[in-house]
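Participant: Starting from these lines, generate the structure:
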Amino acid sequence: MTFDIQTPSLATAQRSLGPGNPTYPLLPAQLSGCPKTSNETIQFPLEVAYDYASAGNVSFARGTRWQDWQAILPPRHPRASMPVGGTPLVDVSDVAPPRFRHRRVFVKDESRNPTWSHKDRLNTFTISAALYEGASTIIVASSGNHGVSAAAMASRAGLNCLVLTMPEVSPAVRDMILGYGAYPVYLPADARWPAMRALKEIPGTYPVSNLTPVHTGHPWGPEGYKTMAYEILADLDGAAPAAVVVPTGYGEMLYGIYKGFHEARLLGRIDQIPRLVSVEPATRGPLHHAIKAGLPATTVAAGPTVQSGTAVTVNGYRAVVALRESNGLALLVSDDRARAANAVLARQGLWQEISSSAAFAALDDIEAFDADGPVVVIGCSTGLKEPAEPRAATATTPDLASMRGYLKTEFGFVI
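Facilitator: Sure, this is the predicted structure:
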């Protein structure tokens, strides 16, 4: 099979993260991990390799943006045209732990993306790969941001989209999937991946989420997350932050951010990669436990948590690489602390999902960072997508005494 790809991209191949780093043609994408180095115990992911020697003009100075970074991103199909990224750094230093305020603390607010989450960056390139490979229908297993994003990106690109999700999915997520014209298929949680493996045998279907027991995912997907690192550098006028704190599930975003900074150092634009900090729910945390045990991946019990965006039971190997290469930290945060941080950020005008707020809470567990520069916390998605409990709305009357009584009774607010 040949692919007609004419873009400024300097992408050359798919490179395995497994032993020996074997390479494969850029397409078709290896959707089940590295076929040469994976085994029943560990499946190794792949990434996109580039001709960095020809990328000498790439800059991360203030004002640069996606069009300036095309050489070190995968080919972007013309029909994958949704404007993505350019999300702001919001200064939250005033409510950060006092020991960090002098260096400044920012939240990179990914809820400003088209479908209100970071997943739009990933799906820009998974959808591009699908289009280059001639797909007609996207399949994704998701109960949240990934499914919503894939639905929107597929629809804009003229592709069908099946979202394998669960009956208890958040109403907001369900309505967004339907609103974008995708087709939700409601299944028990553990049945979604067998269903996807069955559906992918139909000609024209194309999975954009994971197919392997140890998460490998789509090789092109994490490349989209590199743009978060590029944008942080551009907003800081080419200077690297001291650290980036990342809510972490399987670790695709963690690795993409690491790789973006790694490339900037490789190209001589920064001297040091920021220290990466992964943050997971205290009742799960497979990456934390894998790092502690010195393992490439591990599986944990599905403990209850409201941090739904990071509630996974197995880590991906990419996340281990990202922490190892950045001298990173793997932290755990309880639901109570995540909720408290969620309320603090909301008072700053940032209503994030609870798993994103956990990353801000994790700052309390860090004594200091060695490098100079600010700290960036990744805010992945809006709180609008969280599963919501029904709330009764009590009515009142418009006279002043009634409204004062209402505010005091309902909210404890005296005016």
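Participant: tell me the contacts of the residue nearest the centre of the chain?
Facilitator: Closest residue to the average C-alpha location of the chain: M253 at 4.3 Å, with Cα atoms, centre = their mean. The neighbours of M253, taking Cβ atoms under 8 Å, 6 or more residues apart in numbering as the test, are H118, L122, P222, Y225, M228, V246, I378, C380. For every residue, glycine as well, the C-beta is placed using N, CA and C.
Participant: what's the distance between the first one and V344?
Facilitator: Distance check for H118 against V344: by Cβ to Cβ, to the nearest Å, it reads 21 Å.
Participant: does Q14 count as helix, strand or coil?
Facilitator: Recorded secondary structure, Q14: strand (DSSP: H, G, I helix; E, B strand; the rest coil).
Participant: Can you name the residues that contact it?
Facilitator: T23, Y24, P25, L26, A29, Q30, L46, E47, V48, A49, P219.
Participant: what does the model give the third one for pLDDT?
Facilitator: Same thing as P25. Note for P25: predicted pLDDT of 97.
Participant: what's the spacing between the closest residue to it other than its chain neighbours and H77?
Facilitator: Leaving aside its sequence neighbours, P25 sits nearest to A13 (Cβ to Cβ, 6 or more residues apart in numbering; 6.4 Å). According to Cβ to Cβ, A13 stands 18 Å off from H77.
Participant: Ramachandran angles for the residue nearest to the centre of the chain?
Facilitator: phi -70, psi -40 (degrees, to the nearest 10).
Participant: related to what we said a few turns ago, narrow the contacts of Q14 to those that are buried.
Facilitator: Y24, L26, A29, Q30, L46, E47, V48, A49, P219 (16 or more other Cβ atoms under 10 Å).
Participant: which stretches of the stretch 251-400 of the chain form strands?
Facilitator: Secondary structure of the stretch 251-400 of the chain by DSSP state E, counting those that start in this stretch: the strands cover 275-281, 329-333, 375-379.
Participant: Mind listing residues that contact the last one?
Facilitator: Contacts of strand 375-379 from elsewhere in the structure, counted by Cβ under 8 Å, 6+ apart, are 89-90, 92, 96, 100, 103-111, 118, 228, 232, 241-247, 253, 257, 274, 345, 350, 352, 356-357, 359-360, 363, 369.
Participant: What ranges in this protein fall below the confidence cut-off?
Facilitator: Along the chain, the model assigns pLDDT under 70 to residues 1-3.
Participant: Repeat the analysis, applying 80 as the threshold.
Facilitator: For the chain, the stretches with pLDDT under 80 are 1-6, 387-391.
Participant: where exactly do the helices run in it?
Facilitator: 98-101, 119-132, 145-156, 171-179, 192-199, 221-235, 252-266, 286-293, 317-325, 335-346, 354-361, 400-411 (DSSP state H).
Participant: For stretch 408-415, measure first residue to last.
Facilitator: Using Cα to Cα, to the nearest Å, one end of stretch 408-415 lies 8 Å from the other.
Participant: If you count neighbours, what's buried in it?
Facilitator: Under the neighbour-count criterion of 16+ other Cβ under 10 Å, stretch 408-415 has nothing buried.
Participant: what does that stretch rub up against?
Facilitator: Residues external to stretch 408-415 that are found in contact with it (Cβ under 8 Å, 6+ apart): T394, R404, L407.
Participant: Distance to P374 added to the helices of the chain, as TSV?
Facilitator: TSV is the format used below for those (distance: least, Cβ to Cβ, whole Å):
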stretch	distance to P374
helix 98-101	9
helix 119-132	21
helix 145-156	26
helix 171-179	32
helix 192-199	39
helix 221-235	9
helix 252-266	14
helix 286-293	24
helix 317-325	20
helix 335-346	17
helix 354-361	14
helix 400-411	35
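Participant: between those helices, which gets nearest to A53?
Facilitator: helix 252-266 (10.2 Å; Cβ to Cβ).
Participant: Quick check: of the contacts of Q14, which lies closest to V208?
Facilitator: A29 (9.5 Å).
Participant: I270: which of the contacts of M253 is nearest?
Facilitator: Checking those against I270 by Cβ to Cβ gives M228 as the nearest, at 14.8 Å.
Participant: burial of the spatially closest residue to the closest one that is not a sequence neighbour, as a residue count?
Facilitator: In space, and not counting its chain neighbours, M228 is closest to I257: 5.4 Å by Cβ to Cβ, 6+ apart. The number of residues packed near I257 is 28, by other Cβ atoms under 10 Å.
Participant: Now for I257: which residues touch it?
Facilitator: Contact analysis of I257 by Cβ under 8 Å, 6+ apart lists Y225, K226, M228, A229, V244, V246, L276, A322, I378.
Participant: which one of those is nearest C34?
Facilitator: A322 (17.6 Å).
Participant: Next, the buried residues of stretch 61-68.
Facilitator: Buried residues in stretch 61-68, counted by 16+ other Cβ under 10 Å: T64, W66.
Participant: Quick one: end-to-end length of it, please.
Facilitator: Termini of stretch 61-68 sit 10 Å apart (Cα to Cα).
Participant: roughly how far is that stretch from the heart of the chain?
Facilitator: Centre-to-centre, stretch 61-68 and its host chain are 21 Å apart (Cα atoms, centre = their mean, to the nearest Å).
Participant: Quick check: the residue nearest to M228 vs S278, distance?
Facilitator: Per Cβ to Cβ, I257 is found 10 Å from S278.
Participant: which neighbours do those two share?
Facilitator: V246, A322.
Participant: Go through the helices of the chain and name the closest to W69.
Facilitator: Closest approach to W69 among the helices of the chain (Cβ to Cβ): helix 221-235, 5.4 Å.
Participant: tell me what the closest one is packed against?
Facilitator: With contacts taken as 3 or more Cβ pairs under 8 Å, 6 or more residues apart in numbering; DSSP states H and E, helix 221-235 sits against strand 46-50, strand 105-109, helix 119-132, helix 252-266.
Participant: partners of the second one, with directions?
Facilitator: With DSSP bridges as the criterion, the sheet partners recorded for strand 105-109 are strand 89-91 (antiparallel), strand 375-379 (parallel).
Participant: okay if I get the ones you listed as a markdown table plus mean neighbour count and distance to K200?
Facilitator: Formatted as a markdown table, the strands paired with strand 105-109 follow (neighbours: other Cβ atoms under 10 Å; distance: least, Cβ to Cβ, whole Å):
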| stretch | mean neighbour count | distance to K200 |
| --- | --- | --- |
| strand 89-91 | 16 | 39 |
| strand 375-379 | 28 | 31 |
